[in-house]
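> Structure here, sequence nowhere to be found:
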DNA sequence: TTTAGATTTCCCACCTTTTCCCACTTGGTA
DNA sequence: TACCAAGTGGGAAAAGGTGGGAAATCTAAA
């Protein structure tokens, strides 16, 4: 399970080190995908299988018939990119994905259970501040929904 | 069962000794997680399993499709950290969690049944004081009501 | 098709941080 | 007083993260 927060630099060649604690679980290849909120998702290949199967409706339906599904899938699948982890644990972030979330020098790498997220460090700091405020409210709400 | 209050120092390497009385129950690995109020929770792996299962909700659906779930999981998982207990009973507290609760030199370690809590010692002192006061006020009030 | 330039990939090297020991101190106990 | 357990501190070795050069590949122009 991926947990914790790490701040790493993106070098001029668009490389970024995966946190050492995540490497075993992430494996030799990962998928970098655009995500809701200002971040990128990093999936293991296994997790990506699940995600892409789910999004394409597991092959049972013609997922392209629904407009929202079409556009969400274009967003998520169409702009995803698989990346090889190099011999010392780094991956390349494509320029267009970097631009999307305003990645500059420092990135926040966040373990969120079965995926990793990449944020611009500043954006993450702001996000956390807000999350802190609303966390209790949110906890109540989620607690209520489960029952 | 974890009970009692201990004041320990955090050294310059961010290490903190677990109270000897807690070590057996906490085991070789624990998870440090942010918590409501100005403190951190220390879970045993067993307790943490329960928490994380709850958060990932079984895994049949894609948890990241819902905004509430995304933010709560980021808050809870993204800012947690698993820590190995070293050979003499210490754990490391990540910088970002130290910052969150304003941990400096001295920390209060509180046994609260099935989990341990970490507080800034000053914050803990104040918290106790208030709890004490409100208890007195409450006692007065109850006494007065009796006539 | 060839060549020059640019980009990507692979590898090595440095430096900082973390980890693993070992040792000191203090306080309680026999 | 000697001993033991608990807590604290610090040095050395290992690991993690960062940067950069050289080889390989690609692109474009002649």
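Structure received. Fair warning: this is a prediction, and the values are worked out from it, not measured in the lab. Residues are numbered from 1 along each chain as shown, chains lettered A, B, ... in the order given.
> So which residue is smack in the middle of chain A?
Of all residues in chain A, the one closest to the mean position by CA atoms, centre = their mean is residue A:41, 1.1 Å from it.
> need the contact list for that one.
Neighbour list for residue A:41: A:32, A:33, A:34, A:35, A:115, A:116, A:117, B:64 [criterion: CB atoms under 8 Å, 6 or more residues apart in numbering or on different chains]. The way it works is simple: take the backbone N, C-alpha and C, and place the C-beta from them, glycine included.
> my guess is the second one meets residue A:83, correct?
Read that as residue A:33. No. Look at residue A:33 against residue A:83 with CB atoms under 8 Å: they stay out of range, at 10.6 Å.
> When the two are compared, which one has more neighbours?
residue A:33 (22 against 17; other CB atoms under 10 Å in any protein chain shown).
> what's the weakest-modelled helix or strand in chain A?
Least confident helix or strand, chain A: helix A:121-146 with a mean of 74, by mean pLDDT, DSSP states H and E.
> Tell me the bridge partners for the residue nearest to the centre of chain A.
Taking DSSP bridges as the rule, residue A:41 bridges to residue A:33, residue A:117.
> Spell out, range by range, the strands that occur in chain A.
Along chain A, the segments classed as strands by DSSP state E run A:2-9, A:15-17, A:29-34, A:40-44, A:81-84, A:90-92, A:106-113, A:116-120.
> Deepest-packed of these, please.
Highest mean neighbour count among those (mean count of other CB atoms under 10 Å in any protein chain shown): strand A:116-120, with a mean of 25.
> elements contacting that one?
Packed against strand A:116-120 by the contact rule (3 or more CB pairs under 8 Å, 6 or more residues apart in numbering or on different chains; DSSP states H and E) you find strand A:40-44, strand A:106-113.
> Among the ones you listed, which comes closest to DNA strand D?
strand A:106-113 (7.7 Å; CB to the nearest atom of the strand).
> Relative to the whole chain's centre, how far out is that closest one?
8 Å (CA atoms, centre = their mean, to the nearest Å).
> Residue numbers of chain A in contact with DNA strand C?
A:13, A:84, A:86, A:87, A:88, A:92 (CB under 7 Å from any atom of the strand).
> who touches the first one in this structure?
Residues in contact with residue A:13, defined by CB under 8 Å, 6+ apart, are residue A:92.
> next one: the fifth one
Residue A:88 makes contacts with residue A:17, as judged by CB under 8 Å, 6+ apart.
> one step back: can I get the strands of chain A in a markdown table with mean pLDDT?
As requested, those are exported to a markdown table (pLDDT from 0 to 100):
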| stretch | mean pLDDT |
| --- | --- |
| strand A:2-9 | 97 |
| strand A:15-17 | 98 |
| strand A:29-34 | 96 |
| strand A:40-44 | 97 |
| strand A:81-84 | 94 |
| strand A:90-92 | 98 |
| strand A:106-113 | 97 |
| strand A:116-120 | 98 |
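> Please render the ones you listed as a markdown table that adds distance to residue B:17 to the earlier fields.
Putting the strands of chain A into a markdown table (distance: least, CB to CB, whole Å) gives the following:
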| stretch | distance to residue B:17 |
| --- | --- |
| strand A:2-9 | 22 |
| strand A:15-17 | 31 |
| strand A:29-34 | 38 |
| strand A:40-44 | 35 |
| strand A:81-84 | 41 |
| strand A:90-92 | 36 |
| strand A:106-113 | 26 |
| strand A:116-120 | 31 |
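> Indicate which one of those is closest to residue B:78.
Checking the strands of chain A against residue B:78 by CB to CB gives strand A:106-113 as the closest, at 4.1 Å.
> what sits up against that closest one?
Taking CB under 8 Å, 6+ apart as the rule, strand A:106-113 contacts A:1-10, A:16, A:18-19, A:21-22, A:39, A:116-121, A:124-125, B:52, B:55-56, B:63, B:73-74, B:77-78.
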